[in-house]
Structure formats: structure tokens, C-alpha cells
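Enquirer: Output the structure for:
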Amino acid sequence: MSTAKLTLAVLQTVFAVCRFEPYEPIPAWSLQGFFAITRTADELSIVCPQANVPLEIRKTGVEGDWRCFKVEGSLDFALTGVLLAIAAPLAEAGISIFAISTYKTDYVLVKQHALEQAIQTLAQAGHRVIEEADHEAS
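Expert: From the prediction side, this is the model:
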């Protein structure tokens, strides 16, 4: 499936990736809008709108200025190579990613400064890139 041609919607929100100690509670401010939470034995990671992150938190343990591509449509669990179809051309262009998968689809974040290059790279790889309003970010 690595040659799959996908439709990718660019979400308008700027996101932050926040890191906390694994035992810390999930902050209420992170639970608004699009968010993803992962807790492991090593850390608690939260992806959420950057605007939700309090200023005092932004100073430590936060990597901000991420933009998000949403893979449009539902993806079957048997489908393979979806992330590869996105990650490979971006890697070749020197653009790093942060990926989030849900039950229904995949999301790929790139840094804001690389967004235009990422859009061009993905389009050149044969993907369709569209703009999307954030009210449909789920």
C-alpha cells in the first residue's frame, strides 16, 4: 500500500506536544478540542491545541508549533502502508513527523515551518491535500 494515493486534510489548529511525568494527572486544559493522550511507564504525552496550554507549562516539556494532516476516510485495520505512504516522501524531503493513529484514521503532524514544503512534497507524491475546518477534526 506504500503507493496509495490518499486525501489529506490540513487542520487549521496549531498543536503542542506536552510531556509530563508518568504519575502526573491529566490536566483538564488538555481535554478540549482535538487531543491525544498516551501514558507509559516512562511518561505521559499529550497532544492538544497549543492555545490550550497554559503559559507556565509552555516553558518546559512542550514542543509547540505543530500542524496536522488528517487522513480522510475510515481506514480498515487490514490496510497496510498508510503511514509509510506519508512518512516516506516526507522523510526523503527531510521533514520529521509525529504520528497519531485512532480507531478510524491516522493523523500526521509536522512542524509549522515545514508545512508548505510538506504540502508540496505530499502533492508531488500523488496525494490530494485539502484544507479542513477544525470542527471536523475527529
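Enquirer: okay, CA-based contacts and neighbour counts for the rest of this
Expert: Fine.
Enquirer: The worst-scoring helix or strand of the chain on mean pLDDT: which residues count as buried?
Expert: Sorting the helices and strands of the chain by mean pLDDT, DSSP states H and E puts helix 55-58 at the bottom, at a mean of 84. Across helix 55-58, burial judged by 16 or more other C-alpha atoms under 10 Å covers no residue at all.
Enquirer: what's that helix packed up against?
Expert: For helix 55-58, not one helix or strand is in contact under the criterion 3 or more C-alpha pairs under 8 Å, 6 or more residues apart in numbering; DSSP states H and E.
Enquirer: hmm, who's touching that helix?
Expert: The contact list for helix 55-58, computed with C-alpha atoms under 8 Å, 6 or more residues apart in numbering, reads Gly64.
Enquirer: got it, and stretch 116-130?
Expert: 5-10, 86, 89-90, 93, 95, 110.
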